[in-house]
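> here is my input; please provide its structure:
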Amino acid sequence: MRIEHLALTSFRTYESLAADFPSGPQVVVGHNATGKTNLLESLVMLGRGRSHRAAQDGDVITWSHDFARIEADLGDPGKAGPTSAALIISRTAAGSGRKRALVNGVPRRPTTLRGVLPLVLFAPEDMLLVIGSPSQRRHAIDTLVEQTVATAAATMATYARALTQRNNLLRAVRDGAASSSELRFWDSTVVEEGSRIVDWRREMLLRLLPSLASGHREIAPDEPALELQYQSNVELAAGESTREALSRRLAETAQKELWNGVTLVGPHRDDVVFRAGGRDLASYASRGQQRTAILAFKLAELDLMNEVLGVTPVLLLDDVFSELDPARRAHLVRRIGELPQSFVTTTTTDDLDPALVRAATTWQVSLGRLTRRG
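Numbers count the residues shown, from 1 in each chain. Sure, this is the predicted structure:
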């Protein structure tokens, strides 16, 4: 997969942008706060239907404008011609955003964009994946699930809404403003949708493991084998399904949840742990070991999406080369060279491997402008 043409209108710092991108690595150079990350964010929104940075969709619209538009022509070697995809974000009266998506000119749900432009994002905040909060690791796995399972985005949105409603109702019951019998409807939704999410996560980790282990072994052959372990707050009894276990645990914690006014069990409380040699990496690994594990995880994402979708994702690297030592940079450069297209942002090409710079098309970002060098 590659992005052949990108057009932005009123998106962040870009009032108007039109660029044609060739195959291979695209190196985007510019000072901080000039729009490098904004460019990658536009691609993330087009590929996932939502931003990885904005608190609400309306935040991406250029100040004083009423809408933003992201449009791209996408090339896939397995298809006869390009696909066009567009996402339009309109500002609402409340300041948030309303989204509309088009694929080849036909209106679609924004969530369908995940199947149109597959991508893997490696951003600076991912450097905390091993030692950061469980929510960061859950989000990383859920994003991968959403891009490889057609119904996952809708299921996760339904679960999030049900969880919010159930928590509100728990507080109302605790305060005497509602009856506990009203919880049954939301219990059913939490069990049905939550058990699907847990099963998808477990399956995804199993499918990731071979590429994760081989990639880590290639980068760090002298370190213990890397694995990911799913830690659920709902343990399965013998012969029990995830759905049955979650239903049982909701019943067991019912009184405690009423006291706390919050749902205490479910996929929103689970974790994914990086382990090596039987130990949790977060408790002992050096920064170098953590970064090796994270790099192996991102490259395993590429391999898995290629296997499941039958197309190589576009890789987005947002100013992460400066965080890696020369050996890890060299490994990443080799993998980048195998991809149909990638986007790499940096404040200076001095942080990049010279082989990558030679092979890349280089772009200069200034405030609101993107120009090709050479």
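
> for the stretch 201-350 of the chain, which spans come out with low pLDDT?
The stretch 201-350 of the chain contains no residues with pLDDT under 70.

> mind listing the strands for it?
Secondary structure of the stretch 201-350 of the chain, counting by DSSP state E, counting those that start in this stretch: strands at 226-231, 271-276, 279-280, 314-318, 341-346.

> equivalent analysis for the stretch 51-200 of the chain, please.
Under DSSP E, counting those that start in this stretch, the stretch 51-200 of the chain gives strands at 67-75, 83-91, 97-103, 106-108, 119-122.

> go through these and pick out the most buried.
strand 119-122 (a mean of 24; mean count of other CB atoms under 10 Å). Just so you know, the C-beta spots here come from the backbone N, C-alpha and C atoms, and that holds for glycine as well.

> quick check: which helices or strands does that strand pack against?
Under the contact definition 3 or more CB pairs under 8 Å, 6 or more residues apart in numbering; DSSP states H and E, strand 119-122 sits against helix 36-48, helix 287-309, strand 314-318.

> can you put these in CSV and add mean neighbour count?
Below are those laid out as CSV (neighbours: other CB atoms under 10 Å):
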stretch, mean neighbour count
helix 36-48, 24
helix 287-309, 21
strand 314-318, 23
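
> and the strands of the stretch 201-350 of the chain: which comes nearest M1?
The stretch from these with the least distance to M1 (CB to CB) is strand 314-318; that distance is 5.7 Å.

> report the backbone C-alpha coordinates of stretch 298-309 in PDB.
Taking Å, rounded to 0.1, in the frame of the first residue of the first chain, the C-alpha atoms of stretch 298-309 are listed here in PDB:
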ATOM      1  CA  LYS A 298       5.900  -2.400  16.000                       C
ATOM      2  CA  LEU A 299       7.600  -4.600  13.400                       C
ATOM      3  CA  ALA A 300       5.500  -7.500  14.400                       C
ATOM      4  CA  GLU A 301       2.400  -5.300  13.800                       C
ATOM      5  CA  LEU A 302       3.600  -4.800  10.300                       C
ATOM      6  CA  ASP A 303       4.000  -8.500   9.700                       C
ATOM      7  CA  LEU A 304       0.700  -9.400  11.200                       C
ATOM      8  CA  MET A 305      -1.300  -6.800   9.300                       C
ATOM      9  CA  ASN A 306       0.400  -7.900   6.100                       C
ATOM     10  CA  GLU A 307      -0.500 -11.500   6.800                       C
ATOM     11  CA  VAL A 308      -4.200 -10.800   7.800                       C
ATOM     12  CA  LEU A 309      -5.000  -8.100   5.200                       C
END
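
> shift numbering so it begins at 34
OK, 34 is where the count begins now, so the last one is stretch 331-342.

> got a list of contacts for that stretch?
The contact list for stretch 331-342, computed with CB atoms under 8 Å, 6 or more residues apart in numbering, reads 148, 151, 153, 155, 159, 177, 180-181, 237, 240-241, 244-245, 248, 344-346, 348, 365, 368, 372.

> cross those residues against helices and list the overlap.
Applying DSSP state H to the contacts of stretch 331-342, the entries found in helices are L177, Q180, T181, M237, R240, L241, S244, L245, G248, L365, R368.

> K132: which of the residues you listed is nearest?
Lowest distance from K132 to the ones in helices among the contacts of stretch 331-342 (CB to CB) belongs to Q180, with 17.6 Å.

> related to what we said a few turns ago, nearest to I327, of the strands of the stretch 84-233 of the chain?
With CB to CB as the measure, strand 152-155 is the member of these nearest I327 (8.2 Å).

> got a list of contacts for that closest one?
Applying CB under 8 Å, 6+ apart, the contact partners of strand 152-155 are 73, 76-77, 80-81, 85, 331, 334-335, 338, 346-351, 353.

> stretch 233-245 now?
Contacts for stretch 233-245 (CB under 8 Å, 6+ apart): 171, 174-175, 177-178, 181-182, 185, 259-263, 300, 303, 305, 329-330, 332-334, 336-337, 340-341.

> kindly report the same for stretch 134-142.
G82, T116, S117, A118, A119, L120, I121, R133, P143, T145, L146, V149.

> contacting residues around the residue nearest to the first one when sequence neighbours are not counted?
In other words, G82. Leaving aside its chain neighbours, G82 sits nearest to P143 (3.6 Å; criterion: CB to CB, 6 or more residues apart in numbering). For P143, the contact set (CB under 8 Å, 6+ apart) comprises G82, R83, L120, K132, R133, A134.

> can you rerun that using 10 Å?
Residues counted as contacts of P143 (CB atoms under 10 Å, 6 or more residues apart in numbering) are 78-79, 81-83, 90, 120-122, 132-134, 186.
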